[in-house]
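**Q** could you work out the structure for the sequence below:
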Amino acid sequence: MKGAPGPGSAATTAGATDAATAAARVVADRGADGAGTAAVVRSAGAAAASEAADTIDVLVVDDDFMVARVHRTFVERVEPFRVVGVASTGEQAARAVDELHPDLVLLDLYLPDLFGLDVIPRLRTAGHDCDVMVISAAREADTVRGAVRHGVVDYLLKPFEFEDLRARLERYAAQRGRLLATVVHGQADVDRVLAGAAVPATRVSTLPKGMSVETAALIKRTLRTAQGTLSAAECATLAGVSRVSARRYLEHFHTTGSADVSLRYGAAGRPERRYRLL
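**A** Model prediction:
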């Protein structure tokens, strides 16, 4: 069950713009000493209480407040998730979990005071059973293995787009629903739960409607022979197809795990997505 913040553990401000918004929000309040403290903003109402059982409460942990804001916006676009707090350090994250009891923590690893994975044992020692999804730029194999050993439910590499996170949140919600509803009568029930918990392997599936095998092979060959990464426009020019078509195939390769995406930031405008065949 989700608990209420303890008295005196954080400053409290009454009021909220929407009765159906989160029951609590953690806001990083950096003081003159540079250390972040957490202020908890609580709201209550009949509508929020009635929806609490179906809502998946999320704590976002990231030391970059702009990145945290983007992640929060992404999460709140996916039902039935709601962000109940934001923390920018490992200490803040531990205190926020104590106060807010979220169902899921989106955890960055490169925090200013602690390595993100070191937060997880502290949460378990304190008796919290919230799930943890890592969202980080950390690509080291040892780090990924460590995350698996700590029982994270997913691991999403930065940079990513909304659709990448949405797919993982929806998969998590479905699996969580199965776990909550499962009654184990025998081995078959256990196998069913564990099969649902496994992260799907890279799919070798048919192409989506409207895509051709020939064009897919052409785009993949263009990526393979390229020196470094390619943007959709560059790939389109080299392959002799439209930019829209090239981007569609490139995004398909990224979604199915056969291509990697990086972002190149310019002086203005949106960052350019660049693709590399894996």
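
**Q** a strand runs through V134, doesn't it?
**A** Yes - under DSSP: H, G, I helix; E, B strand; the rest coil, V134 sits within a strand.

**Q** which secondary structure element contains the nearest residue to it once chain neighbours are set aside?
**A** In space, not counting the residues next to it along the chain, V134 is nearest to Y155; the distance is 4.6 Å by CB to CB, 6 or more residues apart in numbering. No exception for glycine: its C-beta is placed from N, CA and C like everyone else's. Per DSSP states H and E: Y155 is located in strand 154-157.

**Q** may I have that strand exported as PDB, CA atoms only?
**A** Taking Å, rounded to 0.1, in the frame of the first residue of the first chain, the C-alpha atoms of strand 154-157 are listed here in PDB:
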ATOM      1  CA  ASP A 154      14.100  -2.800 -17.600                       C
ATOM      2  CA  TYR A 155      17.100  -0.800 -18.800                       C
ATOM      3  CA  LEU A 156      16.700   2.000 -21.400                       C
ATOM      4  CA  LEU A 157      19.700   3.700 -22.900                       C
END
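
**Q** name the residues that touch that strand?
**A** 133-137, 139, 144, 147-148, 164-165, 168, 171-172, 199 (CB atoms under 8 Å, 6 or more residues apart in numbering).

**Q** narrow those residues to those in helices?
**A** Those of those mapping onto helices are 144, 147-148, 164-165, 168, 171-172, per DSSP state H.

**Q** element containing V83, please.
**A** Using DSSP H and E, the element containing V83 is strand 81-87.

**Q** pull up the pairing partners for that strand, direction included.
**A** Strand 81-87 has its sheet partners listed here by DSSP bridges as strand 56-61 (parallel).

**Q** just the buried positions in the very next helix or strand once past the partner strand, please.
**A** Moving toward the C-terminus from strand 56-61, the next helix or strand (DSSP H and E) is helix 65-75. By 16 or more other CB atoms under 10 Å, the buried positions in helix 65-75 come out as 68, 71-72, 74-75.

**Q** stretch 262-278 too?
**A** For stretch 262-278, by 16+ other CB under 10 Å, it's 273-277.

**Q** next one: stretch 145-159
**A** Residues of stretch 145-159 classed as buried by neighbour count (16+ other CB under 10 Å): 146-147, 150, 152-155, 158.

**Q** show me the two of these that sit farthest apart.
**A** Comparing all pairs in the buried residues of stretch 145-159 by CB to CB, the longest separation belongs to H150 and K158, at 18.8 Å.
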